[in-house]
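[1] structure, please.
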Amino acid sequence: MRALITYYTMTNRTKKVADTIANSLKEYEVSVVPFALDAKKFIDKIKQLDKVEHEDFSKFEELFAVLDAKEFDLVVFGSPNYGNLAPKTIKEIIKRIRNLNGKNVAVFITGRFTGSKALQEMKNLVEEKGANVIAEKCYSRFFGIRKTDGTELVINME
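    Okay, here's the model as predicted:
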């Protein structure tokens with residue numbers, strides 16, 4: 001069985017959860033496609049964030065071109081949330097992924113305080129593309145992500 005994990009991240013919160021999920025999917029051959037704001041300086045990350053939130057996705061065009069769920073049995077989408085809204089980048093990822101119809105999907109959101117509305121928004125977008133959401137989780141932690149965050153999502157998939 002094969003799994004695709006794709007996520008959007010500005011900091012390491014979402015990456016940490018995605019990594020835990022990838023390591024927990026023991027029965028799957030896992031492929032990970034991260035959409036990361038990767039500037040070294042914080043101000044440069046903010047500039048990258050400003051571009052993608054104004055729908056300039058040029059930084060990610062190469063990743064969008066290869067984003068296809070056809071060969072996968074499971075697809076996992078992850079993202080931070082901004083003010084309890086799903087970022088435009090994760091919406092664009094879900095919009096552009098090919099062959100999602102009929103696939104089993106898990107979605108997760110990370111954040112410091114909240115994320116339930118952003119999680120529901122992601123879930124709705126995935127379902128609109130014809131996928132079956134089999135697990136969902138919001139990881140709201142003010143002081144950071146735990147090493148085990150992500151395992152609950154995998155357990156809910158079983």
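
[2] would you mark the buried spots in stretch 90-109?
    Neighbour counts using 16 or more other Cβ atoms under 10 Å place 90-94, 96-97, 99-100, 103-109 of stretch 90-109 among the buried residues. Heads up, the C-betas are built off the backbone N, CA and C, glycines and all.

[3] let me redo that: stretch 126-134
    Along stretch 126-134, the positions that meet the burial threshold by neighbour count (16+ other Cβ under 10 Å) are 126, 129, 131.

[4] and stretch 119-131, what's its mean pLDDT?
    The average pLDDT for stretch 119-131 rounds to 96.

[5] give me the contacts around that stretch.
    Here stretch 119-131 makes contact (Cβ atoms under 8 Å, 6 or more residues apart in numbering) with 75, 77, 79, 81, 85-86, 90-91, 94-95, 97, 100-105, 107-109, 133, 136-138.

[6] can you check stretch 5-15 too?
    Stretch 5-15 is contacted from outside by 18, 21-22, 30-37, 45, 49, 67, 75-80, 87, 89-90, 93, 97, 110-111, 139, 144-145, using Cβ under 8 Å, 6+ apart.

[7] so which of these are in helices?
    Under the assignment DSSP state H, these contribute 18, 21-22, 45, 49, 89-90, 93 to helices.

[8] would you list these in JSON lines and tack on pLDDT and distance to S116?
    Supplementary listing: the ones in helices among the contacts of stretch 5-15 in JSON lines, determined by pLDDT from 0 to 100; distance: Cβ to Cβ, whole Å:
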{"residue": "A18", "pLDDT": "93", "distance to S116": "20"}
{"residue": "I21", "pLDDT": "92", "distance to S116": "19"}
{"residue": "A22", "pLDDT": "94", "distance to S116": "24"}
{"residue": "K45", "pLDDT": "86", "distance to S116": "26"}
{"residue": "L49", "pLDDT": "88", "distance to S116": "22"}
{"residue": "T89", "pLDDT": "95", "distance to S116": "20"}
{"residue": "I90", "pLDDT": "96", "distance to S116": "15"}
{"residue": "I93", "pLDDT": "97", "distance to S116": "20"}
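
[9] sweet, I'm off.
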